[in-house]
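J.: Compute the structure for the input listed below.
(chains A and B)
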Amino acid sequence: MGRSVRHASRARSAVFAPLGDHGRAARVEQRLAGAIRSGLLSDGERLPSESELASMLGVATVTAREALVALRAQGLVTTVRGRGGGSFVNRPKAPDAALVDSRLAAMSRVELRDRGTVYRVILAGCAELAAERADASDVRDLEELLVPADEPDVARWRHADSELFLSVAALTQSARMTREVVRLEADFGATLRLAYADAEFLKASAGRHVDLVQAIAAHDGERARATVHRHIDRAMELVVERHAQVRR
Amino acid sequence: MPATTTTLGPAAARVTALFEELFGDIDRVRGRLEALFGSGPVDAAAVLAVVEADARRLLDRGTALGAGFVAGRDALSDHTLYLAWWQGDDQQLLGESEAPASGAPFDYTRREWFRVPEETGRRHVTGPYVDYVCTDEYVVTCTAPVLANGRMVGVVGADVLVETLEGILLDPLDEVGATLVGEHGRTIVSADHRLAAGTILDVGAARERVDCADLPLSVVVLADGQG
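T.: I've put the predicted structure just below:
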């Protein structure tokens, strides 16, 4: 526990490190949103005031204010006026790490593999069909979902991974298949994406996402399928490893 | 170049009439909204009040599965993103949309049905595609831009199930042995039972082709061995 607290406090101070010249409201918003979603900033915690935030991040007060307005619109921050007021972190009810871990711990190893197999077969099949059926505009839409390789926000990666796979499922042109994948995502997606806690996996993900979209663009079903296999197999290795730890 | 023929005329006219009826309803709502947005800041409640009756009437006609107004980013004073959109048998209001599984607010502004009217300033028909954000169904989406002060503040639109289009259009297409394709040459309904909806066809190589008004819809007869 001590180790994770120390790690957390270092990561926390990075949240408030100066942004530099290109720092703008959207980046402030992204950084704080990432910190809130990932739990670095805890639920109910009071954020620094607009002017404090501005000076910590090295941006103008209006920029900090703009970011806070955006965070409020996303429901990630609540502002209370008057004495004792301020902006407070409003953590979304998305599955947090402890919850996902406890769900994982409640599973047997064989159940975990069982679910992983269903996910792998269905998503690889979707990728193959998507490669057959996607048009140029579909490919552009997929490209928009790609996250820059140097993106450090784990929550953003998990979200992007899920959205990419859902979009690929929709390209099968089958509504039933897509609904099945939505169900799978709700059921198993958060567990599978525990793998993003691993920095190497996160980095490799960027390449695999690009490979997948390129394979679909090239109408190369075999390559699309193989890329999904590589991605999910590696994720499952890490999740099974995590499972072995939380089962103790 | 594809030859224009008269044999496809009746089928193309049937398709055009069906979509023009939808766009007629859409344009009425669009007119009301342009007046509303032209008169000052607008919130979700004001939009709902203006759109609801017309959207429900459109759905009552039975062709569309969902209909309404989808606001552009920050176009409303009280929401970043908002869908004044009714759908399903019970005509349920969508309101705010969340991305499936993750529950994060869903940014629809890059979707073709939003993006194309924004880029072209004109009406558009998207699909067929699986809409996993709103209906979870295989649909075609008609959208038209709502403009205020030279800027698009959102789209008015309607979703139609591909199944519904099949029910209405299969007979007229059968009579002339034709296929209805959408943008990108994607098959919507075909007289050829071997052609699945969603299959992409090379429309340029078709033996005959009639476009449906200014819509990205064409009725085609394929050359031998095509598809």
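J.: can you tell me how far the residue in chain A positioned nearest to chain B sits from B:Ala197?
T.: In chain A, no residue comes nearer to chain B than A:Gln173, which is 3.1 Å away by CB to the nearest CB. C-beta coordinates here come from the backbone N, C-alpha and C atoms, glycine included. Using CB to CB, to the nearest Å, A:Gln173 is found at 7 Å from B:Ala197.
J.: residue contacts, the residue nearest to A:Leu212 when sequence neighbours are not counted?
T.: Take A:Leu212 and drop its neighbours on the chain: the residue closest to it by CB to CB, 6 or more residues apart in numbering or on different chains is A:Thr227, 4.6 Å away. Going by CB atoms under 8 Å, 6 or more residues apart in numbering or on different chains, A:Thr227 touches A:Ala127, A:Arg208, A:Asp211, A:Leu212, A:Ala215.
J.: isn't the third one right up against A:Arg223?
T.: Yes. Between A:Asp211 and A:Arg223 there is a contact under CB atoms under 8 Å: 7.4 Å.
J.: Please parse the chain into its domains.
T.: I'll assume chain A. Following automatic domain parsing, chain A resolves into domains at A:2-89, A:97-246.
J.: my bad, chain B
T.: B:13-161, B:164-221.
J.: Who are the packing partners of the helix or strand B:Thr164 falls within?
T.: Assigned by DSSP states H and E, B:Thr164 belongs to helix B:162-176. Here helix B:162-176 touches helix B:9-38, strand B:137-148, strand B:179-181, strand B:187-190, strand B:218-221, going by 3 or more CB pairs under 8 Å, 6 or more residues apart in numbering or on different chains; DSSP states H and E.
J.: Does the third one reach chain A?
T.: No. Where contact is defined by CB under 8 Å from any CB of the partner chain, no part of strand B:179-181 touches chain A; the two come within 11.5 Å at best.
J.: how distant is that strand from the center of its chain?
T.: In terms of CA atoms, centre = their mean, to the nearest Å, the centre of strand B:179-181 is found 15 Å from the chain centre.
J.: Sheet-wise, list the partners of that strand with their directions.
T.: Applying DSSP bridges, strand B:179-181 is found paired with strand B:187-190 (antiparallel), strand B:218-221 (antiparallel).
J.: Out of the ones you listed, which one sits most buried?
T.: strand B:218-221 (a mean of 26; mean count of other CB atoms under 10 Å in any protein chain shown).
J.: can you count the residues close to the residue of chain B found nearest chain A?
T.: The nearest approach of chain B to chain A comes at B:Gly198, 3.1 Å away (CB to the nearest CB). By other CB atoms under 10 Å in any protein chain shown, 22 other residues sit near B:Gly198.
J.: Isn't it up against B:Gly127?
T.: No. Between B:Gly198 and B:Gly127 there is no contact under CB under 8 Å: 9.3 Å.
J.: which residues do those two both contact?
T.: The contact sets of B:Gly198 and B:Gly127 overlap at B:Arg186 (CB under 8 Å, 6+ apart).
J.: picking that back up, how about TSV for the strands paired with strand B:179-181, with mean pLDDT added?
T.: Below are these laid out as TSV (pLDDT from 0 to 100):
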stretch	mean pLDDT
strand B:187-190	96
strand B:218-221	96
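J.: Which strand or helix spans the residue nearest in space to the middle of chain A?
T.: Centroid-nearest residue in chain A, with CA atoms, centre = their mean: A:Arg158, separated by 2.4 Å. Remark: A:Arg158 resides in helix A:154-170, with elements defined by DSSP H and E.
J.: Just want the angle from that helix to strand B:137-148.
T.: Counting by axes from the mean of the first three to the mean of the last three CA atoms, to 10 degrees, helix A:154-170 lies at 120 degrees to strand B:137-148.
J.: Helix A:154-170 close to chain B?
T.: Yes. Applying CB under 8 Å from any CB, one finds helix A:154-170 touching chain B at A:Arg158, A:His159, A:Ser162, A:Glu163, A:Leu166, A:Ala169, A:Ala170.
J.: The residue lying closest to the fourth one once chain neighbours are set aside: neighbour count?
T.: Okay, so that is A:Glu163. Closest residue in space to A:Glu163, ignoring its immediate chain neighbours: A:Leu145 at 5.5 Å, by CB to CB, 6+ apart. A:Leu145 has 19 neighbours, counted by other CB under 10 Å.
J.: tell me the contacts of A:Leu145?
T.: If you count contacts by CB under 8 Å, 6+ apart, then A:Leu145 has A:Ala160, A:Glu163, A:Leu164, A:Ser167, A:His209 around it.
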